[in-house]
Structures are given as structure tokens and as C-alpha cells.
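Chemist: just the structure for this:
(chains A and B)
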There are 2 protein chains.
Amino acid sequence: MQRYFLENKAIVNNQIIIDGNDYHHIKNVMRMVKGEKVYICLNEETYIASLNSFFDDYILFDILDKVGFNPEMFAEVTIAHGLVRREKKEEVLRRIVELGANKYIPVNMARSVVKPCSDENKLERQKKIIKEASEQSHRNKLMEVCAPISMKELINLSKDYDLSLFAYEESGRSNDFSLKDKLREFRKNNKKNILVLVGPEGGFTNEEVKLLCASGFFSVGLGPRILRTETAPLYVMAAISYELEMGD
Amino acid sequence: MQRYFLENKAIVNNQIIIDGNDYHHIKNVMRMVKGEKVYICLNEETYIASLNSFFDDYILFDILDKVGFNPEMFAEVTIAHGLVRREKKEEVLRRIVELGANKYIPVNMARSVVKPCSDENKLERQKKIIKEASEQSHRNKLMEVCAPISMKELINLSKDYDLSLFAYEESGRSNDFSLKDKLREFRKNNKKNILVLVGPEGGFTNEEVKLLCASGFFSVGLGPRILRTETAPLYVMAAISYELEMGD
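Modeler: Numbers count the residues shown, from 1 in each chain, chains lettered A, B, ... in the order given. This is a model prediction of the structure:
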């Protein structure tokens, strides 16, 4: 069953309208007819709705039921990621949506080999990837993707988080158990949001490590092997899911 | 520093010879000269070696030191995976090598959309991917990749494992904590090897689920979201690393 993510819409008298791109998709791509059912994701809830009727530029749906099951993580996880090439970034976006991430922030770091770019077409493409991955993994909200920011801006942002970590490759080589320690502490104290920074291909400079540590970030290792910059965010997300979503 | 994985070779009087493809790579690609250093991985140890001299079809290296740090997981993890398309398979190979897997076995399952194929060229290509990923992640042994087998053969094979799991999407939807339970039990009892089966795109048939349960496999969920067939093995590997490699 097709899944549509709506924003700025409301259910009125158990009915809801769909317009814009989704209208086109339902009418011309899916060629749906009256009575066909879809999932509608709205305000972090998922509803089952049935097509009532077509109008000139919108479609009216009847809400039939609410899906009780919530696939979202109780913790909101933001992955901040040193700027990497487009293919790597898209690969990461796709996977961390499946793994439950809440936000992705590209960060312009000293060893990033690509330059920050806020090309609207690219952002649109990324949003499409996120939408598809969200449908695929049956999420009921869309992960947010931000325009690139500087390290300084990231450090300012980190003040809004209960826990800020950075995945430092030197940590992992020497029996570093801090990821587990930090996540358990987070869980025990019923905290709400986590920020994890993963470096670009070349990793962190000494200055960046010092700056992060001085700004309240904790260094964590991701096991004894060296992970690529596009694998590290997946490890982080899986570890957080395993720690927080699978019982004590 | 370049890393070479040698098989069927021995260190004699603190020297070792490199021939074949690696000989070509050192001489013609890297254009190394006397005195240059490389890592040599042999029998799950990593050595630092220095180029001594070139001969007609081999190169002699002096062993200088052994690397004390061992990046390998103490548990040997085999990922069995319903047959999937080449690109997905290669993506999984690359990532699970980084995440520490020991073996990859493709399995011909009811809902696999591709047919088993044991094309030698493809196997060579896969071995190359594994070698590159092993170098990248600083492992000291190469993950094994097998030719496709049947479900019946997999079940026979599973008798050699201390723990056999299958990642069943229906499990994850209903607060299934069995992955954590099983891994903790495994750890507590100092077991050695784990087999995890991940289904193809279409998942498992009811018959397959019954057969697996009757054959000593345990069903485990991978969190409340639906993961793609190429993401599930990464979740499994990260969870195993997190549970077994990061302290109690």
C-alpha cells in the first residue's frame, strides 16, 4: 500500500485532502480509483485512508483507521557528517533513514575534499531519496536534511542536545567502550536527543579534536576496525537502535 | 602503508617472498624500491616488512616487526544471505568486511529474484572487493566468500555453528528483544561462531520460517523499522560488534 507524507495538512471531519506532487502521483502515476487505500503519515502518526473523490487540483480521502504501531525511535538522533561526495552522501541518507535517524547535517570540516554547496536541485534529489527510504522502511516521519554548516555552527547547535559524540578512529583501536557507556547513561537518564559527528574521509585534525572536546563532545570508538566515512554512520545508528530499542 | 594478504607462505629466517599478482603490484603499480615498507598479513598476524631485493618472479622482504594490535572479532560471524543482485551483493561484501565478518554465503531462497551463478569472473571480482575492503579497514585476514548453496545445504552447515539466527522482519515489529538475548547468552558462554541468515528482497516464505525454526535457527528482529535486504546484514554486524567488542 502506497505511503504519503503530508505536511501542513489537517484531518477535518475524518477527511483529508492531498494536493501538489502527491495529487499528480496518485492520479497519473498510480492511476488510483475511488475506494483505493493508502497510508497517510501526518504529525508522526500513520492513518489508513480510502480515496473518496477527485477534484480539479486535489483529492479527498476518508480516514478509516489509525495504525497503532509506532516505528520511530524514542530518541531523536542527528547524524552530523563531514562533507563527502554526492554518491556517498546519498548512500548514507538512504541507510540512516532506514535505521531511524531524525536529522542529517553536513559539516564543512578541515579534511573534507568537497566544497559546501546548497544547490536546490541536489537538495530536492536528497529529499526524494529520503521520502523513498521512509516509505520503504515504513517510517511515519521524514528525516530532515540540512544545508552544510561550519564546525562553529555545529558547536553552537550542540547546545540543544542532551548528548554530543564524535566517532574518532583513534579511540576504537584501544579498547574504547565509551560508546556503550554513553548510550547506557543516556538511556538510564531518559534523555531525548543525541548528536553524533562522523568525520570525512581523512578524519579529524588535532585542532578539531581539541575543539570538540573543549565544547562538550565526547570521543567514542566504533570497534577495532577502521570504518569508511560512509559506514560509520550506519554503525552508529545500528548501535543506538540495539541499545535503546531492544530492551535492557 | 600498503597491505598484502599472503596465503601458503612462510617466514624463513625472518624473510618472506612475495610473488604472483602482488609481485606485479609492488614492482609495476607501486614501483617500490629497496628499503620501502609494507604490511604483510599472514596466518591472522600482521607484520611490518622492508623490501630487500627483486628477483625474476618474486621479491624478498625482511620482516622487521609484528603488529601487536589484533582488529579481528573473537567471534567468527558468517552472514548467509538470500541471493540478491550483483550491486547489492557487492555493497554488502564491502561493508561487512569493514564490520568484521568472517564468511559470506549466498543462499538460493524461494523469493530470490536472481538465479545462482558461479561465474569465475564474478567470484574474482568479489575477492578483489574483499581484499580492498580488508586493506582499507586494516584487517589481518580475508573474509571468505562462498558459491551459492541451497537452504538444505545451509541447514546442514548450521550444525557447525554455536548459534544460528535468521533476521525475520515480522519479529521486529512487536518488541522483539531476542537478538540481544541471544548475543548475551552467546557471550556469557564464551561461544565461538555465529551464523545469521538474512532473506532476499521478498523476505522468507512461511515454509522457510518453519523449516528454519525446526532446524535450530532462532528468529530475531532488527528493530521496529523495515530494513532493506542490503541494510540488514550491516545492522547485524554492527550489533554483534557493539555487544561483543565494547565491554559488558
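Chemist: hang on, A:Ser219 is in a strand, isn't it?
Modeler: Yes - A:Ser219 sits within a strand when classified using DSSP: H, G, I helix; E, B strand; the rest coil.
Chemist: run a quick neighbour tally on it.
Modeler: A:Ser219 has 19 neighbours, counted by other Cβ atoms under 10 Å in any protein chain shown. Just so you know, the C-beta spots here come from the backbone N, C-alpha and C atoms, and that holds for glycine as well.
Chemist: for it, which non-adjacent residue is closest in space?
Modeler: Counting by Cβ to Cβ, 6 or more residues apart in numbering or on different chains, A:Ser219 lies nearest to A:Tyr168, which is 4.3 Å off, once chain neighbours are set aside.
Chemist: for the one you found, give me its contacts.
Modeler: Contact analysis of A:Tyr168 by Cβ atoms under 8 Å, 6 or more residues apart in numbering or on different chains lists A:Gly199, A:Gly203, A:Phe204, A:Val209, A:Ser219, A:Val220, A:Gly221.
Chemist: hmm, A:Asp176 and the last one touching each other?
Modeler: What that stands for is A:Gly221. Yes - with contact defined as Cβ atoms under 8 Å, A:Gly221 and A:Asp176 form a contacting pair (3.5 Å).
Chemist: need the phi and psi values for A:Ile18.
Modeler: Dihedral pair for A:Ile18: phi -120, psi 130, per degrees, to the nearest 10.
Chemist: tell me what it is bridged to.
Modeler: A:Ile59 (DSSP bridges).
Chemist: returning to that earlier point: farthest pair within the contacts of A:Tyr168?
Modeler: The span of the contacts of A:Tyr168, defined through Cβ to Cβ, is set by A:Gly203 and A:Val220 at 14.0 Å.
Chemist: if you count what's nearby, which of these two comes out ahead?
Modeler: Taking neighbours as other Cβ under 10 Å, A:Gly203 and A:Val220 compare with A:Val220 leading, 23 against 19.
Chemist: name the nearest residue to the more buried one, sequence neighbours excluded.
Modeler: Nearest residue to A:Val220 in three dimensions, chain neighbours excluded: A:Leu179, at 4.1 Å (Cβ to Cβ, 6+ apart).
Chemist: quick one, what contacts the one you found?
Modeler: Contacts of A:Leu179 (Cβ under 8 Å, 6+ apart): A:Leu165, A:Val220, A:Gly221, A:Leu222, A:Ala239, B:Tyr242, B:Met246.
Chemist: go with 7 Å
Modeler: Shown in contact with A:Leu179 (Cβ atoms under 7 Å, 6 or more residues apart in numbering or on different chains): A:Val220, A:Gly221, A:Leu222, A:Ala239, B:Met246.
Chemist: out of those residues, who's the most crowded?
Modeler: The residue in the contacts of A:Leu179 with the most neighbours, by other Cβ under 10 Å, is A:Leu222 (28 neighbours).
Chemist: quick check, it in contact with A:Leu165.
Modeler: No - shown here, A:Leu222 and A:Leu165 do not form a contact pair, counting by Cβ atoms under 7 Å, at 10.3 Å.
Chemist: list the residues that contact both of those two?
Modeler: Any residue near both A:Leu222 and A:Leu165 by Cβ under 7 Å, 6+ apart counts here, and not one turns up.
Chemist: need the helix or strand of chain A with the lowest average pLDDT.
Modeler: When each helix and strand of chain A is scored by mean pLDDT, DSSP states H and E, helix A:169-172 comes last, with a mean of 69.
Chemist: which positions in the helix or strand just after that helix come out as buried?
Modeler: Using DSSP states H and E, the next helix or strand after helix A:169-172 towards the C-terminus is helix A:178-188. Residues A:Ser178, A:Leu179, A:Lys180, A:Lys182, A:Leu183, A:Phe186 are the ones in helix A:178-188 that count as buried (16 or more other Cβ atoms under 10 Å in any protein chain shown).
Chemist: nearest to A:Lys37 among the contacts of A:Leu179?
Modeler: A:Ala239 (36.6 Å).
Chemist: next up, the contacts around the nearest residue to that closest one once chain neighbours are set aside.
Modeler: Nearest residue to A:Ala239 in three dimensions, chain neighbours excluded: B:Tyr242, at 4.3 Å (Cβ to Cβ, 6+ apart). Taking Cβ under 7 Å, 6+ apart, we find B:Tyr242 in contact with A:Lys180, A:Ala239, A:Tyr242.
Chemist: pLDDT score for the second one?
Modeler: Per-residue confidence for A:Ala239 comes out at a pLDDT of 98.
Chemist: before we move on, what about the first one?
Modeler: What the model reports as pLDDT for A:Lys180 is 96.
Chemist: so who does the nearest residue to it once chain neighbours are set aside touch?
Modeler: Computed as Cβ to Cβ, 6+ apart, the closest residue to A:Lys180 that is not its neighbour in sequence is B:Met246, at 4.4 Å. By Cβ under 7 Å, 6+ apart, the contact list for B:Met246 reads A:Phe177, A:Leu179, A:Lys180.
Chemist: for the helix or strand where A:Glu207 lies, buried residues please.
Modeler: Element membership for A:Glu207 (DSSP H and E) is helix A:206-214. Within helix A:206-214, the residues that count as buried by 16+ other Cβ under 10 Å are A:Glu208, A:Val209, A:Leu211, A:Leu212.
Chemist: out of the residues you listed, who's nearest B:Arg125?
Modeler: Nearest to B:Arg125, judged by Cβ to Cβ, of the buried residues of helix A:206-214 is A:Glu208 at 37.1 Å.
Chemist: so that closest one makes contact with A:Met109?
Modeler: Yes - with contact defined as Cβ under 7 Å, A:Glu208 counts as touching A:Met109 (6.5 Å).
Chemist: what do these two both touch?
Modeler: Shared contacts of A:Glu208 and A:Met109, defined by Cβ under 7 Å, 6+ apart, are found at A:Met151.
Chemist: go through the buried residues of helix A:206-214 and name the one nearest A:Glu98.
Modeler: A:Leu212 (27.6 Å).
Chemist: dig out what the nearest residue to the closest one once chain neighbours are set aside forms beta bridges with.
Modeler: With sequence-adjacent residues excluded and distances taken as Cβ to Cβ, 6+ apart, A:Leu212 is closest to A:Phe166, at 5.2 Å. On the basis of DSSP bridges, A:Phe166 is bridged to A:Leu197, A:Ser219.
Chemist: number of residues surrounding A:Phe166?
Modeler: Applying other Cβ under 10 Å, we find 22 other residues in the vicinity of A:Phe166.
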